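Student: Kindly return the folded structure for what I paste below:
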Amino acid sequence: MTGTDAAATQLHDTRITRRYFRKFEAITGHLARVAALMEAEGHLARQDVDVLARYLVGLTWTFRALRWKYMFAGRYAQAGQLDFDRSGSGFPIFSELLEMASDAAQANRHLAQGRSTEALKDEMLRVILGDLQIPTSLQYAMGQRLYYEEMATGELFWARNDPVALWQGNTGQRRRFLLHWAVYDSQVNLPTIYLMDVEDSGRTALPKDDRRWPAVQAHLIAQALAHLKLVTIARGFDRDFDDLHPKRLRRFHVGPMYSHAFTSQTGPLKEVMAAARAPEGEDWALVWTEENLVSERVEQEKAGWFGSVDREIFALDLFAQQGVVDLGATTLERSIILPQRVYQALAETRPPGFSSVRKFVVGAGGRVVSYR
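Tutor: All right, here's what the predicted structure looks like:
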């Protein structure tokens, strides 16, 4: 159990549990629109958006599965309760996703042994019309079946989403790949997505290389930790794989989520949420952070008696060079996604530190507008 797991809060009430998941279903739906707006403004390339959308859709399905799992929390003794990080991320804790991975491995067995959706519906109608009772146990069984059906699709956002390599063409004798992977970070209980642009000077294309590709995948997942700076990850990769050259590394943090009704984080956003007094469905704000590290040049380093290898020299933020702050990245951009009502409260209270934060405001019909 991580430290954040130890501080988890359970949702005991059926109504509140369902409200929590409705909130996240709406938020994850807005994220795809935010990514599309970034593409329209030239901040993200088309393929970047496609990759991010894959993970964001998976995150939506993960929350949908959890909604089915805990549909009868507080109403049925065996239903259990969701554990979420009330004082930190606002998201479910890491162990919830670990348990989902275990359930997914057994989903087909559960589906094969249990009654079908149609059979459960027929039995529920018989109990309601014939016995004049509420079929709570059957409703719970239906929720569990729908949960395992979601698991069986295999397209969810898991605790660990292994690296994928996308060929981007060639530069001279080198192949170019976009590597992407994602984790649900156990230290901060947040989905984190990584994109790395790599040049491959090896003999065999990286995804087809049985010697290098498994090692690369294991290396990247092992280094996918929120507390590690991008420059630490990139330099370690550069030194461990002499014929792979990381030219750019990005990390996207999805969250934390703030809600006056559900979370208890400290800081200026808590005051903004309280001042907004937003109605149900509009009582939230989500932070979106992008870290970006780029290589500015290459230096030759001696290898062996007669050889040499390329080593990337990464551009670091100017303020880090002046000793003000060490980002371990070239740039860092924070954004916040929030409904119109909460944005108005933010604009009126003007808390310190938000002037440089980009705001994506969700208006009527889910339309998203960007403000600096």
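Student: The helix or strand where residue 17 lies - contacts with which helices or strands?
Tutor: Taking DSSP states H and E as the definition, residue 17 sits inside helix 14-40. With contacts defined as 3 or more CB pairs under 8 Å, 6 or more residues apart in numbering; DSSP states H and E, the packing partners of helix 14-40 are helix 46-69, strand 82-84, strand 244-258, strand 285-303, strand 331-339, strand 358-362, strand 368-371. All C-beta atoms are positioned from the backbone trio N, CA, C, and that covers glycine.
Student: Run the angle between the first one and helix 14-40 for me.
Tutor: It refers to helix 46-69. 180 degrees (axes from the mean of the first three to the mean of the last three CA atoms, to 10 degrees).
Student: Please point out which parts of helix 46-69 sit buried.
Tutor: 48-49, 51-52, 54-69 (16 or more other CB atoms under 10 Å).
Student: Give me the distance between the nearest residue to residue 340 once chain neighbours are set aside and residue 372.
Tutor: The spatial neighbour of residue 340 that comes closest, neighbours along the chain excluded (CB to CB, 6 or more residues apart in numbering), is residue 363 at 5.2 Å. From residue 363 across to residue 372, the span is 17 Å (CB to CB, to the nearest Å).
Student: Would you mind telling me which of those two has the busier surroundings?
Tutor: Legend: neighbour count by other CB atoms under 10 Å for residue 363 and residue 372, higher for residue 363 (11 against 7).
Student: helix or strand right after the worst-scoring helix or strand of the chain on mean pLDDT?
Tutor: Scoring the helices and strands of the chain by mean pLDDT, DSSP states H and E places helix 3-6 at the bottom, with a mean of 50. Toward the C-terminus, helix 3-6 is succeeded by strand 9-11 as the next helix or strand (DSSP H and E).
Student: which residues touch that next one?
Tutor: Residues outside strand 9-11 that contact it (CB atoms under 8 Å, 6 or more residues apart in numbering): 17, 20, 70, 73, 81-87.
Student: from these, which has minimum pLDDT?
Tutor: Among the contacts of strand 9-11, residue 73 has the lowest pLDDT, at 82.
Student: who touches that residue in this structure?
Tutor: Per CB under 8 Å, 6+ apart, neighbours of residue 73: 11-14, 17, 79-82.
Student: cool, and residue 37?
Tutor: The contact partners of residue 37, by CB under 8 Å, 6+ apart, come to 360, 368, 370.
Student: That one and residue 122, how far apart?
Tutor: 46 Å.
Student: Measure how buried residue 34 is and give me the count.
Tutor: 21.
Student: Any chance you could list what contacts stretch 303-315?
Tutor: 201, 231, 234-235, 238-239, 242, 245-247, 293-302, 330.
Student: scratch that, stretch 173-180 is what I was asking about
Tutor: By CB under 8 Å, 6+ apart, stretch 173-180 touches 47, 51, 163-170, 193-201, 205-207, 216, 220, 245.
Student: Check the offset of it from the chain's centre.
Tutor: Stretch 173-180 sits 24 Å away from the centroid of its parent chain (CA atoms, centre = their mean, to the nearest Å).
Student: same check, this time on stretch 232-250
Tutor: For stretch 232-250, the distance to the chain centre is 23 Å (CA atoms, centre = their mean).
Student: List the buried residues in it.
Tutor: Of the residues in stretch 232-250, 233-238, 241-250 count as buried by neighbour count, 16+ other CB under 10 Å.
Student: for the residues you listed, which one is nearest residue 127?
Tutor: Minimum distance to residue 127 across the buried residues of stretch 232-250 is 53.2 Å, recorded for residue 250 (CB to CB).
Student: Residue 290 is in contact with that closest one, correct?
Tutor: Yes. Between residue 250 and residue 290 a contact is recorded at 6.4 Å, counting by CB atoms under 8 Å.
Student: what's the burial count for residue 222?
Tutor: 10.
Student: And it, how far from residue 28?
Tutor: In terms of CB to CB, residue 222 sits 27 Å off from residue 28.
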